[in-house]
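J.: quick one: sequence and predicted model below, then my questions.
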Amino acid sequence: MQISDDGFKAIKAWQYKGGTYTLMDTFLNKFVWVPAHHLLPDWLAPNMVTLIGLLWIVAGYMVLVMGFSTDLYKPAPAWVYVFAAFSNFMYQTLDAIDGKHARRLNHTGPLGQLFDHGCDSVSLTFIAMTVMASMRMGFGVRAISFLFSMLVPFWLSQWSEYHTHMMEHSLGGFVGITEGQLVGMATMALPAVLGPEWMFMTLADLHPSLSGFSGNILPAWYCIDSGRYTGTCALTLQDVLLGAQLGVGFTFVISSFRAVLSKASKKREALIQTVPILLLMVLGFAWCTTIPHSKTHPRLVIFSLGMANTFLNNKMIVAGMTKMEYHAFHTILLPLPIIYVIAKFDLLPRHNDILLGAYCAYCYYKVHKYTLQVVEEISQFLGIYILSLGKRGKND
């Protein structure tokens, strides 16, 4: 059993407390999400709505990243970018209306919240890689920076909820997750309209008055993506958008730390809990800057980092709902630095991808096993099904 008796008592008394909604949340809620949720049939379970949304994200990823932009740099046909953007729109919509559908059916509860947050956690890596491919980031500091600008704030928001018992999803009601999702969709769709090269427009091109500006102001290590450094490192539109993403992500990080340090009863233990996610981030940057890109498989590295992060997320989500202790040490992270050392020093040159692929499979297995077991335990405790409506029988 993953959940203790005291954890089940906490689940029974659990209530979700959301943060401040933005103007865009209010607008979409009134004109899109409320009308859309009435279109869902009454026989469809809310958790199934959530799962279908996740499958849309995976579909967009499979078409763009697995089908065309396999190195996160190759351009794709226009329809692929449109499909990726549409897939993310469907995910956002279904993710927003599953709770409304549950309330309409009087089927709300902690299982739905766990399932919703768990699917959000899984979707992050797929969304990040889809946006990277749309921006043609390749594999380098840009890509890893973007990845962790999504992963770290999400984990810290769960960490903050664990200690403050409130989930904050916006910055003072001005900008939040919804705005970030819309920008991501626009980023995916624009290559279909402006062409795959639009992200490489330099600052001088954007501002003709600066036509004499060389643009080579960025360090070379920042510009090496999949070995495509050509000796120039101009500031492009890609860097501007990445900078904006990093700025918003960093602000979310500061907000989470402020909330926890002001309300957590055990501040030292709370700070120690952040060590694994920070070490994961350091390892990601080390991988893209110290290992030759010709020996790196971008999708395997990023997916490994993402799935390890998903496991940490799901553990924190469950700990927050059950009020159980969240341990800072997790064995799932142990193989990753070992694989990095093997790749760094070329100890097994013919087996790097095999080891990383095996670790990916291991992470997927751990995430799947843990999540399924926790969801099943809560489902049995509450006497309800996971993906269908109705009460469970004693023998179910």
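T.: Sure, I can see it. Numbering: from 1, shown residues only.

J.: pLDDT below threshold where in the stretch 1-150 of the chain?
T.: Flagging of the stretch 1-150 of the chain using pLDDT under 70 yields the residue ranges 18-19.

J.: go again with 90.
T.: Scanning the stretch 1-150 of the chain for pLDDT under 90 picks out the ranges 1-23, 25, 71, 73, 99, 103, 105-118, 137-142.

J.: on the three-state scheme, the residue minimising distance to the centre of the chain is what?
T.: Per C-alpha atoms, centre = their mean, the C-alpha nearest to the average position across the chain is that of residue 124, at 1.9 Å. Using DSSP: H, G, I helix; E, B strand; the rest coil, the three-state assignment for residue 124 comes out as helix.

J.: so who does it touch?
T.: Counting by C-beta atoms under 8 Å, 6 or more residues apart in numbering, residue 124 makes contact with 150-151, 154, 306, 309-310, 313. The C-beta positions use only the backbone N, C-alpha and C, and glycine is treated the same way.

J.: do the same with residue 270
T.: Contacts for residue 270 (C-beta under 8 Å, 6+ apart) come out as 159, 163, 260-261, 264.

J.: if I look at it, how far off is residue 130?
T.: From residue 270 across to residue 130, the span is 33 Å (C-beta to C-beta, to the nearest Å).

J.: cool, and residue 23?
T.: 26 Å.

J.: quick one, which of those two is more surrounded?
T.: Each of residue 23 and residue 130 has its neighbours counted (other C-beta atoms under 10 Å); residue 130 has more, 28 against 12.

J.: how about the contacts of residue 270, which pair is most distant?
T.: Within these, two members stand farthest from each other by C-beta to C-beta: 159 and 261, at 11.5 Å.

J.: ok, so of the contacts of residue 124, who is nearest residue 374?
T.: Closest approach to residue 374 among the contacts of residue 124 (C-beta to C-beta): residue 313, at 12.5 Å.

J.: thought that closest one was touching residue 119?
T.: No: contact criterion C-beta atoms under 8 Å: residue 313 and residue 119 do not qualify, at 11.0 Å.

J.: excluding residues flanking it in the chain, which one is nearest residue 134?
T.: Once its chain neighbours are removed from consideration, residue 134 has its nearest residue in residue 188; the separation is 4.4 Å (C-beta to C-beta, 6 or more residues apart in numbering).

J.: repeat for residue 305
T.: Sequence neighbours aside, residue 284 is the residue nearest to residue 305 in space, at 5.1 Å (criterion: C-beta to C-beta, 6+ apart).
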